[in-house]
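Colleague: need coordinates for the following:
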Amino acid sequence: MLLWLIDRFAAHSDAVVSPLTPPPVYLTARIGLAAVLSFLATLLFGPCCIRWLRSRFCERIDSASDRLNELHAAKAGTPTMGGVFVGLAIVLSVLAFGNLANARVQMALFVTVTFTLLGSMDDWIKLTTKKRGLTARQKLLGQCVLSAIVAIWLYQIQAEAPSGTAFVWPFGLGTFTLGVWLIPWAALVIVGSSNAVNLTDGLDGLAAGCTLFAGGAVTLAIYLSGHRELSGYLGIPHFIGVGELAVPLGAMVGAVLGFLWFNVHPAQVFMGDAGSLPLGALLAVGALATRLELFYAIVGGVFVAETVSVMLQLASRRWRDKKIFACSPLHNHFVFAQMPETRIVVRFWIISALLALLGLISLKTN
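Modeller: Modelled structure (predicted):
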């Protein structure tokens with residue numbers, strides 16, 4: 001909206017604004033404004049949204065673990081699907097401050113809307129029926145279809161740029177070209193990231209806090225990749241126009257920060273799949289568009305650890321008939337050990353912050 005207004009003003013002056021030239025509003029300002037607007041929108045409209053959700057969509061504690069259900073019994077009745085107003089705040093901010101002519105920004109909007117709808121469908125089924133949401137196969141199929149669309153879209157953009165399909169090792173260890181194999185790789189990363197954030201969303205403020213640190217690092221990496229001089233200094237791929245993607249990612253960080261205001265222990269609202277699925281997908285798109293997937297694996301190390309813990313637990317139970325963890329994902333292992341919830345969450349935040357710093361260090365090591 002802001003750029004549209006400037007474009008209309010430019011039509012009556014000597015200024016020229018087009019998708020091929022930088023807009024006459026500093027990108028850094030628009031990233032900041034998008035973050036602030038999404039934060040304020042979430043903060044201001046959060047209470048009325050929570051009241052509306054409480055009257056219709058309250059959490060039902062019904063996991064596969066009876067012991068976990070017992071430990072989380074006090075959370076029953078908490079409003080959920082809070083990810084819906086997070087997604088709305090992101091879309092509002094991008095429409096206000098994003099360059100809507102930029103294909104990567106369009107992609108971010110598509111991911112936010114479609115993955116929010118998929119997550120909302122899963123939450124709605126869980127809350128209005130006796131089922132536990134979509135079946136694992138149905139949810140995975142939905143994620144794969146959406147991720148494939150985004151992966152093909154991304155490949156069409158990246159294939160036109162030098163090093164657009166490169167696979168970049170962190171710490172300056174080199175690159176190699178993926179070519180058309182970027183499509184299945186990108187789809188895998190998006191599905192994996194979406195599920196990883198979803199698995200992490202099990203304690204008050206856990207997924208939101210970790211998303212803040214990972215999202216902040218990814219947003220900065222996107223900005224650096226879009227800056228010719230800074231990307232050259234760091235030795236990371238430079239793509240013209242990719243910096244615009246930092247606007248929706250910045251909006252995501254602001255919206256999650258506002259959501260965390262209500263989600264800290266004891267939570268007034270849960271994000272549900274309506275929030276965790278699009279947040280994970282957005283983070284993945286940011287990493288893929290800059291060709292820094294392994295950088296994202298570092299800064300999102302908590303998400304990786306949560307996912308690996310589930311995979312190890314399933315493999316161990318199948319092949320050894322034994323459990324490695326008292327309960328998976330990883331945070332539930334500490335819940336079973338009777339560790340206070342706030343202690344678990346804050347320690348995971350600390351680890352996430354350190355991993356974000358490590359990831360940023362990996363961008364320049366020589």
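Colleague: so where is the protein shaky, pLDDT-wise?
Modeller: Scanning the chain for pLDDT under 70 picks out 1-25, 172, 365-366.
Colleague: could you pull out the strands for it?
Modeller: According to DSSP state E, the chain carries its strands in the segments 166-168, 175-177.
Colleague: tell me the buried residues in stretch 352-366?
Modeller: 352, 353, 355, 356, 359, 360, 362, 363 (16 or more other CB atoms under 10 Å). In this view, the C-beta of every residue, glycine as well, is placed from N, C-alpha and C.
Colleague: so which of the strands of the chain is nearest residue 53?
Modeller: With CB to CB as the measure, strand 166-168 is the member of those nearest residue 53 (40.9 Å).
Colleague: for that closest one, packing partners?
Modeller: For strand 166-168, the packing partners by 3 or more CB pairs under 8 Å, 6 or more residues apart in numbering; DSSP states H and E come out as strand 175-177, helix 293-299.
Colleague: tabulate those (CSV), appending distance to residue 116 and mean neighbour count.
Modeller: Output for those, formatted as CSV (distance: least, CB to CB, whole Å; neighbours: other CB atoms under 10 Å):
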stretch, distance to residue 116, mean neighbour count
strand 175-177, 34, 12
helix 293-299, 21, 22
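Colleague: need these in TSV (columns: distance to residue 278).
Modeller: What follows is the helices and strands packed on strand 166-168, written out as TSV (distance: least, CB to CB, whole Å):
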stretch	distance to residue 278
strand 175-177	29
helix 293-299	16
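Colleague: out of the ones you listed, flag the one nearest residue 225.
Modeller: Nearest of these to residue 225, taken as CB to CB: helix 293-299 at 10.2 Å.
Colleague: near the closest residue to residue 146 other than its chain neighbours, how many residues? Count them for me, please.
Modeller: Spatially, and ignoring its direct neighbours in sequence, residue 146 is nearest to residue 114 (5.1 Å; CB to CB, 6 or more residues apart in numbering). Other residues within reach of residue 114, judged by other CB atoms under 10 Å, total 20.
Colleague: relative to residue 295, how far out is residue 114?
Modeller: 25 Å (CB to CB, to the nearest Å).
Colleague: out of the helices and strands packed on strand 166-168, flag the one nearest residue 286.
Modeller: Among the helices and strands packed on strand 166-168, helix 293-299 sits nearest to residue 286 (CB to CB), with 7.5 Å.
Colleague: for that closest one, what is the distance to the chain centroid?
Modeller: For helix 293-299, the gap between its own C-alpha mean and the chain's C-alpha mean amounts to 13 Å (CA atoms, centre = their mean, to the nearest Å).
Colleague: packing partners of it?
Modeller: Short answer (3+ CB pairs under 8 Å, 6+ apart): helix 293-299 packs on strand 166-168, helix 182-200, helix 206-225, helix 273-289, helix 341-362.
Colleague: in a markdown table, list the ones you listed along with distance to residue 119.
Modeller: Listed next are the helices and strands packed on helix 293-299 as a markdown table, based on distance: least, CB to CB, whole Å:
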| stretch | distance to residue 119 |
| --- | --- |
| strand 166-168 | 29 |
| helix 182-200 | 8 |
| helix 206-225 | 12 |
| helix 273-289 | 4 |
| helix 341-362 | 21 |
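Colleague: of the ones you listed, which stretch is the most buried?
Modeller: helix 273-289 (a mean of 29; mean count of other CB atoms under 10 Å).
Colleague: just list what it packs against, helices and strands only.
Modeller: In terms of contacts (3+ CB pairs under 8 Å, 6+ apart), helix 273-289 is packed against helix 83-97, helix 103-128, helix 136-158, helix 182-200, helix 206-225, helix 246-263, helix 293-299.
Colleague: CA atoms of that helix as PDB?
Modeller: The C-alpha coordinates for helix 273-289 follow below in PDB (Å, rounded to 0.1, in the frame of the first residue of the first chain):
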ATOM      1  CA  ASP A 273      -1.300 -25.800  13.700                       C
ATOM      2  CA  ALA A 274      -2.800 -22.600  12.200                       C
ATOM      3  CA  GLY A 275       0.300 -20.800  13.500                       C
ATOM      4  CA  SER A 276       3.100 -23.400  13.600                       C
ATOM      5  CA  LEU A 277       2.700 -24.700  10.000                       C
ATOM      6  CA  PRO A 278       2.900 -21.300   8.300                       C
ATOM      7  CA  LEU A 279       5.700 -20.000  10.600                       C
ATOM      8  CA  GLY A 280       7.800 -23.100   9.700                       C
ATOM      9  CA  ALA A 281       7.100 -22.800   6.000                       C
ATOM     10  CA  LEU A 282       7.900 -19.000   6.000                       C
ATOM     11  CA  LEU A 283      11.300 -19.600   7.700                       C
ATOM     12  CA  ALA A 284      12.100 -22.300   5.100                       C
ATOM     13  CA  VAL A 285      11.200 -20.000   2.200                       C
ATOM     14  CA  GLY A 286      13.500 -17.300   3.600                       C
ATOM     15  CA  ALA A 287      16.400 -19.800   3.800                       C
ATOM     16  CA  LEU A 288      15.700 -21.300   0.400                       C
ATOM     17  CA  ALA A 289      15.400 -17.900  -1.400                       C
END
